[in-house]
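Engineer: Fold the following.
(one chain, ligands or ions: 1)
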Amino acid sequence: MRTPRVAIVGGGPSGIGMAAKLKLAGIDTFDVYEQSDDVGGTWRANTYPGLEIDNPARYYQYRFAPNPDWSQFFAPGPEIWAYIKRVADDFGVTPHVLLRTRVAGAEWDGRAWLLRTEDGREKTYDFIVTGAGVLVHPRVPELPGLETFAGACFHSAEWDHSVPLAGRRIAVIGNGSTGVQLVNGLAETAGHLELYQRTPQWVWPFPNHRYTRMTKWVYRKLPWLNLVAYRFWQFLFEASFGRAVVKPGPMRTVMSAMGRLYLYRVRDPDLRRRLTPSGAKPLCRRIIVAAGFYEQFERPNVELVDVGIDHVEPRGIVTADGVLHELDVIALATGYHGHEYLRPMELIGQGGVRLSEVWDREPFAYRSVALPSFPNVLMMVGPGSPIASNALMGVAETQQDFAMQMIEMWRRGEADALAPSAQATERYNAERRAAYPSTIWASGCSSWYIGADGLPNMWPWLPKDHRRALAAPELSDWEIERHAART
Ligand code: NAP
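Structural biologist: A predicted model of the protein is given here:
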């Protein structure tokens with residue numbers, strides 16, 4: 001068996017999972033490049049009050065590392081971060097992680113990849129596996145005068161913990177998953193909390209129950225139970241949300257009705273009207289899962305502001321009706337540039353083709369994992385991955401297992417350079433484009449899913465179709481090169 005040299009870009013959930021799988025396969029010759037000062041990816045970056053996972057924690061875990069100790073059904077962010085760090089330690093990945101090391105790019109020399117870091121180091125690899133994340137680049141809104149605000153202002157992904165919050169006047173701009181979680185996280189602490197809502201959203205207030213010590217003990221004694229729970233929630237989520245987003249039919253009707261029904265938790269009819277989405281259908285954007293959100297507006301210190309923002313001045317926000325809202329803190333829950341996959345890293349593939357040019361208009365991939373002319377590059381949670389309503393961990397694991405199959409082929413000497421053909425990639429993407437009209441994302445709402453080409457950059461079929469597509473490489477779709485033996 002040959003020894004593959006593997007570079008993993010990103011020490012988030014996908015990268016750490018990939019590294020653990022390499023370890024499990026007995027491969028030690030890999031490095032994990034992480035630009036920040038710790039592993040954990042989005043769970044390291046996001047530390048805002050109220051952060052929790054919006055899938056059941058038992059479904060948002062590596063299948064090879066079931067965690068008996070989840071404290072809640074939807075686990076808090078710090079707990080997930082600690083879990084990923086623990087997995088990195090337990091599976092021997094931590095010594096392979098190069099922290100504060102940003103990959104500038106890599107170039108294919110006809111046999112292998114020469115990778116360069118921003119601080120000028122170079123190393124050669126047989127494979128590059130990317131796990132650089134999707135929601136990485138914060139979107140800061142262009143609000144006139146924002147830079148003149150005299151208080152503290154920061155994006156949710158760059159929370160400034162030195163800023164005191166207790167008793168202060170806080171604005172949350174944006175009511176996506178982040179803004180809603182922030183309202184839950186800040187309502188009790190803030191002196192006055194304002195949620196700036198531009199477009200009402202659909203909210204599913206699933207209760208978030210705590211697990212007892214007895215439950216944790218049982219899951220520790222019977223680890224297989226954790227996997228049963230994983231499969232149970234996977235089945236339920238895929239049969240409901242996973243189906244409703246891509247297939248018109250009764251499930252979509254039921255899910256829509258549930259979204260409407262939940263609004264009746266808002267007792268004040270006027271507030272309910274203001275919180276009711278007018279155009280967008282339920283599920284057209286990522287569902288917002290947050291128990292207790294509607295009830296926060298019953299507190300005297302929490303206010304919904306649904307008049308547009310005119311400008312910001314040193315004392316606070318001035319809304320379109322001329323009212324000045326005096327503030328101490330502005331939290332921007334305004335989302336991300338979600339189509340900047342891998343950027344600003346540059347890959348130069350076969351024939352000098354540059355990733356930045358190939359993805360000039362909109363990123364795309366072959367079955368979410370690979371690209372023509374970029375042999376031995378495998379992407380985790382890349383363009384067109386089924387992440388709109390599924391737990392990212394499971395999606396990444398499917399892709400990691402696929403990458404492992406490619407690496408094992410190389411290891412056995414059956415291939416040296418593997419890339420999907422341009423024809424297979426074009427055929428797959430034509431099928432993808434043809435499938436979009438029946439998805440809920442194409443029903444007319446704006447969302448971060450929609451790319452520069454006007455199409456949602458998501459997997460437009462069922463989650464199980466993604467697993468089938470990556471169960472084994474369809475070798476007729478791949479261009480496979482053999483080189484003279486390497487010593
Ligand atoms: P988002 O869903 O893109 O929402 C951004 C919000 O900011 C929207 O309400 C948007 O209003 C508002 N906004 C943007 N620019 C604005 C402006 N100039 N003025 C006023 N409002 C403005 O972002 P997000 O909430 O950060 O969520 C992004 C994704 O992260 C989610 O889809 C989800 O996948 C993920 N997420 C997951 C979790 C989790 O628990 N796992 C938690 C948080 C986030 P409009 O609606 O009018 O555009």
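Engineer: contacts for the helix or strand bottoming out on mean pLDDT in the chain?
Structural biologist: Within the chain, no helix or strand scores below helix 250-262, which has a mean of 86 by mean pLDDT, DSSP states H and E. In this structure, residues lying in contact with helix 250-262 by Cβ atoms under 8 Å, 6 or more residues apart in numbering are 202-205, 239-241, 243-245, 281-283, 287, 294, 440. Every C-beta, even on glycine, is put in place using the N, C-alpha and C of the backbone.
Engineer: Which of these are buried? Put it as a ChimeraX command.
Structural biologist: Command for ChimeraX, covering only those of those found buried under the criterion 16 or more other Cβ atoms under 10 Å:
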select :202,203,204,205,240,241,243,244,245,281,282,283,287,294,440
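Engineer: Among the contacts of helix 250-262, which are located in helices?
Structural biologist: Members of the contacts of helix 250-262 lying in helices (criterion: DSSP state H): 243-245, 294.
Engineer: Run through who's touching stretch 453-466.
Structural biologist: With contact meaning Cβ under 8 Å, 6+ apart, stretch 453-466 is reached by 238, 242-243, 246-247, 338-339, 361-364, 367-368, 383-388, 390, 395, 398, 432-433, 435-436, 438-439, 441-442, 447, 449-451.
Engineer: Narrow those to those that are buried.
Structural biologist: 238, 242-243, 246-247, 338-339, 363-364, 367-368, 383-388, 390, 395, 398, 432, 439, 441-442, 447, 449-451.
Engineer: Can you get me a residue count around the residue of the stretch 1-150 of the chain found nearest the ligand?
Structural biologist: Here the stretch 1-150 of the chain gets closest to the ligand at one residue, P141, 3.1 Å apart by Cβ to the nearest ligand atom. Residues near P141, counting by other Cβ atoms under 10 Å, number 15.
Engineer: What sits closest to it if chain neighbours are left out?
Structural biologist: Nearest non-adjacent residue to P141, counting by Cβ to Cβ, 6 or more residues apart in numbering: T334, 4.9 Å away.
Engineer: got a list of what the one you found touches?
Structural biologist: 138-141, 155, 173-174.
Engineer: L271 now?
Structural biologist: L271 neighbours (Cβ under 8 Å, 6+ apart): 297, 304.
Engineer: element containing it, please.
Structural biologist: For L271, the host element (DSSP states H and E) is helix 269-275.
Engineer: and the next element down the chain from that helix?
Structural biologist: strand 288-289.
Engineer: rewinding a little: CA atoms only for the least confident helix or strand of the chain, dumped as PDB, please.
Structural biologist: Provided in PDB are the C-alpha atoms of helix 250-262 (Å, rounded to 0.1, in the frame of the first residue of the first chain):
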ATOM      1  CA  PRO A 250     -48.500  16.700   1.000                       C
ATOM      2  CA  MET A 251     -45.400  17.100   3.200                       C
ATOM      3  CA  ARG A 252     -44.800  20.600   1.900                       C
ATOM      4  CA  THR A 253     -48.500  21.400   2.600                       C
ATOM      5  CA  VAL A 254     -48.200  20.000   6.100                       C
ATOM      6  CA  MET A 255     -45.000  21.900   6.900                       C
ATOM      7  CA  SER A 256     -46.400  25.100   5.600                       C
ATOM      8  CA  ALA A 257     -49.500  24.700   7.700                       C
ATOM      9  CA  MET A 258     -47.300  24.000  10.800                       C
ATOM     10  CA  GLY A 259     -45.400  27.300  10.100                       C
ATOM     11  CA  ARG A 260     -48.700  29.200  10.000                       C
ATOM     12  CA  LEU A 261     -50.100  27.400  13.100                       C
ATOM     13  CA  TYR A 262     -47.100  28.300  15.200                       C
END
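Engineer: buried ones in that helix?
Structural biologist: Across helix 250-262, burial judged by 16+ other Cβ under 10 Å covers 251-252, 255-256, 259, 262.
Engineer: Would you map out the domains in this protein?
Structural biologist: Split into domains by automatic domain parsing, the chain comes to 6-137+337-481, 146-202+251-332.
Engineer: Give me the spatial nearest neighbour of L135, chain neighbours excluded.
Structural biologist: Nearest residue to L135 in three dimensions, chain neighbours excluded: Y336, at 4.1 Å (Cβ to Cβ, 6+ apart).
Engineer: give me every residue that touches that neighbour.
Structural biologist: 134-139, 157, 448.
Engineer: swap the cut-off to 10 Å and go again
Structural biologist: For Y336, the contact set (Cβ atoms under 10 Å, 6 or more residues apart in numbering) comprises 42, 133-139, 155-157, 176, 178, 448.
Engineer: Filtering those by proximity to the ligand, which remain?
Structural biologist: Counting by Cβ under 6 Å from any ligand atom, 135, 176, 178, 448 from those sit close to the ligand.
Engineer: so how far is N175 from the residue nearest to P141?
Structural biologist: 10 Å (Cβ to Cβ, to the nearest Å).
Engineer: likewise G10?
Structural biologist: Applying Cβ to Cβ to G10 and N175 gives a distance of 29 Å.
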